[in-house]
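Trainee: sequence and predicted structure below; questions after.
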Amino acid sequence: MTDLVCVGALAGAYGVKGESRLKSFCAVPEDIARYSPLTDERGAAAYAITLTGTISNGFAARIAGVTSKEQADALRGVRLYARRAQLPSLPDDEFYHADLIGLEVLDTGGTPLGHVRSVLNHGAGDLLEIHGPGLAATLLLPFTRAAVPTVDLERGRIIADPPDGLL
C-alpha cells in the first residue's frame, strides 16, 4: 500500500479568473476539500484548494497561487493525492481502489488468473480489470461479495469466483 491515495483530478480552467474544474473521486465528493492541501503523485507539489461552487461533473475550485486562466489550464490532467493518514478508516469490507490495483487474482482452486490493473465504475458497481498471461482478453470481474469472496491485502491477493461463462 502506498502512503498517497488519488482523491481527484484537475480538468482545466473554469472561467477567466484562475478557477479550476475539479473532479472528486471521494465517496462524498465535497470531502476532497477537507484533505487540502493535496499533492501530485510524487508528493512534490502542494495544492491548497477551496471549493467555490458545483458545476457539471465536479466542482469549481480555487488553487492557491493560481490567478489566471492560463495557469489553471496548465494544471489540466494533474491527479491530486491525499496522505492515507488524512483519509477516514474503512470498514472491513471496503477498500480504497489504490489498494486493489496490482493485487494477484486467483480462482477458488488457487489457479492464478492475473493481476488487477484498474478498478472501473460505469454506474452499476465496481469492476476489477484483470490482465494475465492465461487470459485471452481483459477480464472484467464484478467486485461483489459473490464474485470476490476474499480480499487479502496482507498477502497481496484476491480470491475470485467468476460468474459462469465469464472465463
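Mentor: Received, thanks.
Trainee: for I32, phi and psi?
Mentor: Main-chain torsions, I32, degrees, to the nearest 10: phi -60, psi -30.
Trainee: just R34 next, same as before
Mentor: Dihedral angles of R34 (phi, psi; degrees, to the nearest 10) stand at phi -70, psi -20.
Trainee: what is the burial count for the closest residue to it other than its chain neighbours?
Mentor: Once flanking residues are discounted, R34 sits nearest to Q86: 7.9 Å by Cβ to Cβ, 6 or more residues apart in numbering. Any C-beta I mention is one placed from the backbone N, CA and C, and that applies to glycine too. Per other Cβ atoms under 10 Å, the neighbour tally for Q86 reads 13.
Trainee: thinking Q86 is in contact with P37, fair?
Mentor: No: with contact defined as Cβ atoms under 8 Å, Q86 does not count as touching P37 (10.1 Å).
Trainee: backbone dihedrals for the residue nearest to R34, please?
Mentor: For Q86, the backbone dihedrals (degrees, to the nearest 10) come out as phi -80, psi -20.
Trainee: gap between it and V28?
Mentor: Relative to V28, Q86 is positioned 14 Å away (Cβ to Cβ, to the nearest Å).
Trainee: assign the nearest residue to L135 once chain neighbours are set aside to helix, strand or coil.
Mentor: Of all residues not flanking L135 in the chain, G114 sits nearest, at 5.7 Å (Cβ to Cβ, 6+ apart). Per DSSP: H, G, I helix; E, B strand; the rest coil, the local secondary structure of G114 is strand.
Trainee: measure G114 to L103 for me?
Mentor: 10 Å.
Trainee: buried sites along stretch 92-110?
Mentor: Buried residues in stretch 92-110, counted by 16 or more other Cβ atoms under 10 Å: F95, Y96, H97, A98, D99, L100, L103, E104, V105, L106.
Trainee: next step: those residues restricted to helices.
Mentor: H97, A98, D99, L100 (DSSP state H).
Trainee: and the first one, what's its pLDDT?
Mentor: With respect to pLDDT, H97 has a value of 87.
Trainee: one more: M1?
Mentor: Note on M1: pLDDT of 49.
Trainee: again with P162
Mentor: Looking at P162, its pLDDT stands at 90.
Trainee: which parts of the protein are strands?
Mentor: Secondary structure of the chain (DSSP state E): strands at 4-13, 20-24, 38-39, 46-47, 49-55, 58-63, 79-83, 104-107, 112-121, 126-131, 139-142, 150-152, 157-160.
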